[in-house]
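>>> Task: produce atomic coordinates for the following.
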Amino acid sequence: MRNIRIGLIGCGVVGQGIMRLLKENAASIEARLGGTIEVRRIAARNPSKDRGPYVPAELLTYDPAEVVDDPSVELLVEVAGGVAAAGRRLITEDWAATIVGLTLLLLTLAGVIGKGMV
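Next up is the predicted model:
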C-alpha cells in the first residue's frame, strides 16, 4: 500500500467539500485505489474564516507557494483559481466543474498508484 500525498490549494466551499469527501470515503477510496490519500498542506485565502470540522488547522497555510513548493506533496489539487505550478502534477477546476474535478482527482490518483478504478 502506498500513500498519495496531496496539497490542496483553496479551502472554501469546494476545498472543504473535498476534505469532507476524502474523510468520509477514506475506506472506499483506499479499497479502490489500493492506497491512501494523505493531505499534507492546505492553502486558504482568508485566515479569519472558519474551515469546519474536516480541515485540520495544523495543515493550513495562507501562502499557496508553501503548498506548491512542499517536496512532500506529490499531487496538487487547485480549487482557488489561478495558481501556477510548473513541473508539478496539478489538477485544476473551476466552480462549474466540481464533479468533473473530483472524478479527475480519483482517476489521477489511480494512475499514480498504478491501478484502475472499478
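
>>> Pretty sure Ala27 sits in a helix.
Yes. Under DSSP: H, G, I helix; E, B strand; the rest coil, Ala27 sits within a helix.

>>> okay, now it: neighbour count?
By the measure other CB atoms under 10 Å, the count of residues near Ala27 is 9. All C-beta atoms are positioned from the backbone trio N, CA, C, and that covers glycine.

>>> same deal with Pro71?
Using other CB under 10 Å, Pro71 is surrounded by 7 other residues.

>>> Just say helix, strand or coil for it.
Under three-state DSSP, Pro71 comes out as coil.

>>> how far away is it from Pro53?
29 Å (CB to CB, to the nearest Å).

>>> which helices and strands does the strand or helix carrying Val77 pack with?
Val77 is located in strand 75-78, with elements delineated by DSSP states H and E. On a contact count with 3 or more CB pairs under 8 Å, 6 or more residues apart in numbering; DSSP states H and E, strand 75-78 meets strand 2-9, strand 89-92, helix 98-113.

>>> Report the rounded mean pLDDT for stretch 15-30.
On average, the pLDDT along stretch 15-30 is 87.

>>> residues near Leu60, how many?
Other residues close to Leu60 by other CB under 10 Å number 16.

>>> please begin residue numbering at 337 from this point
Okay, residue one is now 337; in that scheme the one you just asked about reads as Leu396.

>>> which ones are touching it?
Cys347, Ile378, Ala379, Ala380, Arg387 (CB atoms under 8 Å, 6 or more residues apart in numbering).

>>> you'd agree the last one is in a strand?
Yep, that's Arg387 we're talking about. No. Secondary structure of Arg387 (three-state DSSP): coil, not part of a strand.
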